[in-house]
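Visitor: this one's structure only:
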């Protein structure tokens with residue numbers, strides 16, 4: 001099932017400081033040439049709510065088609081709090097809409113020069129930005145599409161990478177911990193309390209091997225949400241969360257793990273190399289997330305050779 005990109009905005013008389021519009025939405029099965037039954041969502045008061053209403057209606061009608069239910073042509077309203085629509089009245093056919101030509105609209109003509117001047121003044125569009133993320137930042141098309149879905153979300157991402165943070169880790173944080181928090185709290189990126197420069201500091205701690213991703217994405221992230229004014233390094237030092245890079249400490253933990261799993265050690269030496277993940281994971285768990293993963297892997301490799 002694929003939503004049909006049919007969206008008609010009808011300008012209405014604006015109230016002071018407000019502009020409202022209606023969105024007409026229909027869906028049809030992929031390959032069908034005939035347009036589906038139209039639903040009109042009335043009095044949408046922002047571009048964001050237009051998008052939310054269209055997305056909700058597209059899903060609702062697609063599910064109805066998949067269940068072989070009949071879609072009724074009707075007028076609906078949008079509930080911004082729940083992100084859902086509800087019916088106001090049914091309309092049997094086009095005559096119920098009272099369509100008529102507007103005789104007083106003045107004809108106008110746009111010159112190529114005017115169109116070109118408008119075109120160069122338009123900021124980077126969604127598709128262009130997504131293509132740049134793929135070509136310049138080497139991100140996947142999926143990551144680029146999600147990152148650029150909303151302009152302010154993409155702006156936040158670009159503020160992070162402007163602080164010398166690598167593109168892929170920054171994308172992973174935006175699409176992981178940040179996106180999860182926004183979804184759980186029904187917030188947009190403007191409502192996210194942690195400034196991009198602060199989050200960039202968290203990502204760099206992980207990149208530089210000073211903090212594990214596990215601790216950074218859970219414990220440190222949660223602390224910053226409570227007090228966004230603090231620096232990431234400040235909290236990590238206060239909580240003693242920095243990675244342990246002391247080889248003797250890590251070797252001691254590794255010995256404990258290998259002694260705990262003698263049979264697994266034998267299996268590893270017989271060729272079951274996938275057990276390395278188990279050993280590393282157990283060491284990290286024993287260290288409460290503080291053992292440096294790279295150092296742990298290196299020391300383990302040496303020990304298991306003997």
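Guide: Nice, I can see it. Since the structure is predicted, the reported quantities are computational estimates derived from the model, not experimental observations.

Visitor: residue boundaries of the strands in the protein?
Guide: 2-3, 9-11, 21-25, 27-28, 39-44, 74-79, 84-90 (DSSP state E).

Visitor: which ones are touching the residue most central in space within the chain?
Guide: Nearest to the mean C-alpha position of the chain, by C-alpha atoms, centre = their mean, lies residue 175 at 4.3 Å. For residue 175, the contact set (C-beta atoms under 8 Å, 6 or more residues apart in numbering) comprises 143, 146, 147. All C-beta spots, glycine's among them, are computed from the backbone N, C-alpha and C.

Visitor: same thing with residue 137?
Guide: Applying C-beta under 8 Å, 6+ apart to residue 137 gives the contacts 144, 161, 167, 168, 171.

Visitor: so which of those belong to helices?
Guide: Within those, residues falling in helices by DSSP state H are 144, 161, 167, 168, 171.

Visitor: max pairwise distance over those residues: which two?
Guide: Farthest pair in the ones in helices among the contacts of residue 137 (C-beta to C-beta) is 144 and 161. Separation: 13.1 Å.

Visitor: out of these two, which sits in the more crowded spot?
Guide: Each of residue 144 and residue 161 has its neighbours counted (other C-beta atoms under 10 Å); residue 144 has more, 22 against 18.

Visitor: apart from its chain neighbours, what residue comes closest to that one?
Guide: Nearest residue to residue 144, sequence neighbours excluded (C-beta to C-beta, 6 or more residues apart in numbering): residue 133, at 3.8 Å.

Visitor: top of the contacts of residue 175 by neighbour count?
Guide: residue 147 (23 neighbours).

Visitor: for that one, what are its contacts?
Guide: Contacts of residue 147 (C-beta under 8 Å, 6+ apart): 130, 133, 139, 153, 154, 157, 171, 174, 175.

Visitor: what do you get if the cut-off is 7 Å, keeping everything else the same?
Guide: Neighbour list for residue 147: 133, 153, 154, 157, 171, 174 [criterion: C-beta atoms under 7 Å, 6 or more residues apart in numbering].

Visitor: quick one: neighbours of the fifth one, just the number.
Guide: What that stands for is residue 171. The tally of other residues near residue 171 (other C-beta under 10 Å) stands at 21.

Visitor: what pLDDT does it get?
Guide: We have a pLDDT of 97 for residue 171.

Visitor: quick check: closest non-adjacent residue to it.
Guide: Residue 171 sits nearest to residue 143 (C-beta to C-beta, 6+ apart), 4.9 Å away.

Visitor: pretty sure residue 24 sits against residue 44.
Guide: No. In this structure residue 24 lies outside contact range of residue 44 using C-beta atoms under 7 Å: 11.3 Å.

Visitor: can you check which residues contact both of those two?
Guide: Overlap of the contact sets of residue 24 and residue 44 (by C-beta under 7 Å, 6+ apart) is empty.

Visitor: of these two, who's got more company?
Guide: A count of neighbours by other C-beta under 10 Å puts residue 44 above the other of residue 24 and residue 44, at 22 against 16.

Visitor: do you know the pLDDT at residue 8?
Guide: Note on residue 8: pLDDT of 47.
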